[in-house]
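Asker: sequence unknown, structure follows:
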C-alpha cells in the first residue's frame, strides 16, 4: 500500500511546483541573515499559484505529466537566463539583450526550450522522466530547507541580545501634544558630499528650509553608513554596541537589528503618550510594516519586499521594459502616493506620528529634476542621481508648505539615513569614503520657542521628547560607527577621523 502510494506520488509532477519555489528560496537562503521569513511568504505563494494556473491550462491539451515537464523546463531556462546574464554583464541591471554574448545565450536557451517541448510532446511514456525530475527538485529544495533550518537553529538565541534594547517609557503631562512628521529620504547626500563629489552647492534648498523656520545642520552625519543599522538606531534612540559584544564580530545576522523596527522605542513611547502611529509606504523598507502602526497608507496585502521584487524581476524577467513595469513603476506609484498623503494628510484624531521612509533619491532614478518620468537603473549614474535629488528638493518644499499650512504646530523632521555610497571602498576606506557613507541632510522644524538642539540622528527623538513633550532623556554622544556590509558587526568608531578630516577641508 505504502509502496503503491509512493509510486503514485513520484509519478505526479510535483517537480513543477518545487522548481517554481527554488529561485525565491535560493535568494532567501543566500540573504537569510537580512531577510525575514514573512518577506518571502507571499512571493512563494504567488510563484506557486502562477505555476499552478499555467500547469492547469496546459495539462488540458497535453496531459499533466507533459505539461509538468514543459513548465519545469521553461522555469529552469528562465532561471538560468537570468542568473547567467548577471555573470555575463558587468552591470547587473542591464538587459540581457544588451550584449552579443547575452543575445547568444537567449538563442541557445530558446532552442533548448523548443527542442525540450518537442521531445516531451512526442515521447509516449514520461513516468521515468517525471520521477527523475521529482527527485532532482526534492533534493534541491531539501538542501535549501536544511540550510535555512540550520541557520535558524544556530541563531535561535540571538534574539536574547534584544533585552538590552529597551529605553524606559516616560509619560508627558503636556495636554496639547504636537503632531510629529518624520520624513526619511533614502541615500540623500549631505551638503559636504554634494559639494565635493558632485560639485553641487545645495544652498538654495537650505535657504528654502530656513525660510520655513527649519534648523538645518550644515554638516550632519548618520551614526551608521547603511539603512539596516542607521534606521533602527534612529527609531530606537540608541547605538548597538551590545550586539557585537553578544553575537561576536563575525555574525551576519542583521535580522536581530531589523526586528527592532517592529517594536521600536520611539513608537512605543509615542503610543504610551496617546499618539496614533501612521506609516506611509514609500518603498523604503520595513518602517511602513512595523507592528506598532495603527494605520498603514500607500500599502496593500500584495506588497513584496523591494529587494525580493528586484531580484525576482532580474531572474525571471531579464528584459528592461518589463523590469521597469515590475520594479520601477511600483516604486513610482508608492512615492507618488506618499507625496500626496504627506502634503494633504487629514486626521481629526490628535496627536499623530506620521513616518514616511521614501526610496528617493536612491536608485532607481525615475525622475528628472523637474519631475518627468525617466528610467535609469544604474546606481552609479551621478548625473541621474543629482537630477532626482533636485526633484526631491522641490517636492519636499511643496510637502512642507502643505504640512505647515494645515498643521502649523506640527514638528517636522527631514533627514536621510546615509549618504550616496556607490563609489565607496568598504574594506579599505579613506576619509572621503567615510564622508560618502555618513554625510546626510538633517533639518528639523519645531514651533517650540526654545527650538531643538540637534545632536545627531541617534538623539533626534530624545531631543524632541525633551524639548516638546517635557521628558528627560539622556542625550548620547554623537558617534559614527563604520562597518562593511559583509561584516555588519565588525565595527569601528571613526568619529575622530571624520572630525579631523573636516578640519582639513576648511583650513
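Answerer: Sure thing, it's come through. Bear in mind that the values here come from a model prediction, so they are computed numbers and not experimental data. Numbers count the residues shown, from 1 in each chain.
Asker: any idea how far the most centrally placed residue in the chain is from residue 488?
Answerer: Computing the C-alpha centroid of the chain and ranking residues by Cα atoms, centre = their mean puts residue 285 first, at 3.9 Å. For residue 285, the distance to residue 488 equals 15 Å [Cβ to Cβ, to the nearest Å]. For glycine as for every other residue, the C-beta is placed from the backbone atoms N, C-alpha and C.
Asker: repeat for residue 417
Answerer: In terms of Cβ to Cβ, residue 417 sits 15 Å off from residue 488.
Asker: ok, residue 198 - contacts?
Answerer: Counting by Cβ atoms under 8 Å, 6 or more residues apart in numbering, residue 198 touches 189, 382, 386.
Asker: wait, I meant residue 395
Answerer: By Cβ under 8 Å, 6+ apart, residue 395 lies in contact with 339, 371.
Asker: what's it sitting at in phi/psi?
Answerer: Here is the backbone geometry of residue 395 (degrees, to the nearest 10): phi -70, psi -40.
Asker: ditto for residue 412
Answerer: In terms of degrees, to the nearest 10, the main-chain angles of residue 412 are phi -120, psi 120.
Asker: what sits opposite it in the beta ladder?
Answerer: Assessed by DSSP bridges, residue 412 has beta-bridge partners residue 181, residue 445.
Asker: do the same with the one 4 residues further on
Answerer: With DSSP bridges as the criterion, residue 416 is bridged to residue 185.
Asker: Let me know how buried it is, in neighbour terms.
Answerer: 26 (other Cβ atoms under 10 Å).
Asker: which of the contacts of residue 198 lies closest to residue 112?
Answerer: Using Cβ to Cβ, residue 382 comes nearest to residue 112 of the contacts of residue 198, at 40.4 Å.
Asker: Return the residues in contact with the closest one.
Answerer: For residue 382, the contacting residues are 197-198, 422, by Cβ under 8 Å, 6+ apart.
Asker: These in helices, which ones?
Answerer: Among these, DSSP state H puts 197-198 in helices.
Asker: and residue 277, that one's in a strand?
Answerer: Yes - counting by DSSP: H, G, I helix; E, B strand; the rest coil, residue 277 falls inside a strand.
Asker: just to revisit the earlier point, please convert the contacts of residue 198 to TSV, extending it with distance to residue 363, secondary structure and pLDDT.
Answerer: As requested, the contacts of residue 198 are arranged in TSV below (distance: Cβ to Cβ, whole Å; DSSP: H, G, I helix; E, B strand; the rest coil; pLDDT from 0 to 100):
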residue	distance to residue 363	secondary structure	pLDDT
189	13	strand	96
382	11	helix	94
386	12	helix	96
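Asker: wait, isn't residue 367 in contact with residue 385?
Answerer: No - in this structure, residue 367 is not within contact of residue 385 by Cβ atoms under 8 Å, at 10.9 Å.
Asker: for the helix or strand containing residue 366, packing partners?
Answerer: Using DSSP states H and E, residue 366 sits in strand 365-367. Under the contact criterion of 3 or more Cβ pairs under 8 Å, 6 or more residues apart in numbering; DSSP states H and E, strand 365-367 touches helix 329-344, strand 373-376, helix 382-406.
Asker: same thing but at 7 Å, please
Answerer: strand 373-376, helix 382-406 (3 or more Cβ pairs under 7 Å, 6 or more residues apart in numbering; DSSP states H and E).
Asker: quick one: strands adjacent to the shortest one?
Answerer: When pairs are called by DSSP bridges, strand 373-376 turns out to pair with strand 365-367 (antiparallel).
Asker: Find out how far the partner strand is from the centre of the chain, if you would.
Answerer: 17 Å (Cα atoms, centre = their mean, to the nearest Å).
Asker: Provide a list of residue ranges in this structure with pLDDT below threshold.
Answerer: 1-11, 80-103, 105, 156-164, 301-326, 449-450, 506-507 (pLDDT under 70).
Asker: any chance you could map the strands in the stretch 101-250 of the chain?
Answerer: 180-185, 214-216, 220-221 (DSSP state E, counting those that start in this stretch).
Asker: I'd like to know which of those strands is closest to residue 77.
Answerer: Among these, the nearest to residue 77 by Cβ to Cβ is strand 180-185 (40.3 Å).
Asker: got the angle between the closest one and helix 382-406?
Answerer: Per axes from the mean of the first three to the mean of the last three Cα atoms, to 10 degrees, the angle that strand 180-185 makes with helix 382-406 is 170 degrees.
Asker: circling back to that earlier point, surely the residue nearest to the centre of the chain and residue 227 touch.
Answerer: Yes - contact status for residue 285 versus residue 227: in contact at 6.1 Å, counting by Cβ atoms under 7 Å.
Asker: how near is residue 272 to residue 172?
Answerer: Residue 272 is 9 Å from residue 172, by Cβ to Cβ.
Asker: Please point out which parts of stretch 190-199 sit buried.
Answerer: Buried residues in stretch 190-199, defined by neighbour count with 16 or more other Cβ atoms under 10 Å: 190-195, 197-198.
Asker: Residue 466: which of those is nearest?
Answerer: Closest to residue 466, out of all of the buried residues of stretch 190-199 and judged by Cβ to Cβ, is residue 190, at 24.6 Å.
Asker: Touching, that closest one and residue 440? I think so.
Answerer: Yes - counting by Cβ under 7 Å, residue 190 touches residue 440, with 4.9 Å between them.
Asker: Give me the common contacts of these two.
Answerer: Counting by Cβ atoms under 7 Å, 6 or more residues apart in numbering, the contacts common to residue 190 and residue 440 are 220, 419.
Asker: Just list whatever residues bridge to the closest residue to the residue nearest to the centre of the chain other than its chain neighbours.
Answerer: Excluding its sequence neighbours, the residue lying closest to residue 285 (Cβ to Cβ, 6 or more residues apart in numbering) is residue 357, at 5.7 Å. Bridge pairing for residue 357 (DSSP bridges) gives the partners residue 184, residue 281.
Asker: residue contacts, residue 357?
Answerer: By Cβ under 7 Å, 6+ apart, the contact set of residue 357 is 184, 186, 282, 284-285, 287-288.
Asker: let's go with 6 Å and repeat that
Answerer: 184, 282, 284-285, 287 (Cβ atoms under 6 Å, 6 or more residues apart in numbering).
Asker: if we can go back for a sec, packed most tightly, which of the helices and strands packed on strand 365-367 would that be?
Answerer: Highest mean neighbour count of the helices and strands packed on strand 365-367: helix 382-406, a mean of 19 (counted as mean count of other Cβ atoms under 10 Å).
Asker: Count residues in the vicinity of the nearest residue to residue 117 once chain neighbours are set aside, would you?
Answerer: Nearest residue to residue 117, sequence neighbours excluded (Cβ to Cβ, 6+ apart): residue 70, at 5.4 Å. Residue 70 is flanked by 23 other residues according to other Cβ under 10 Å.
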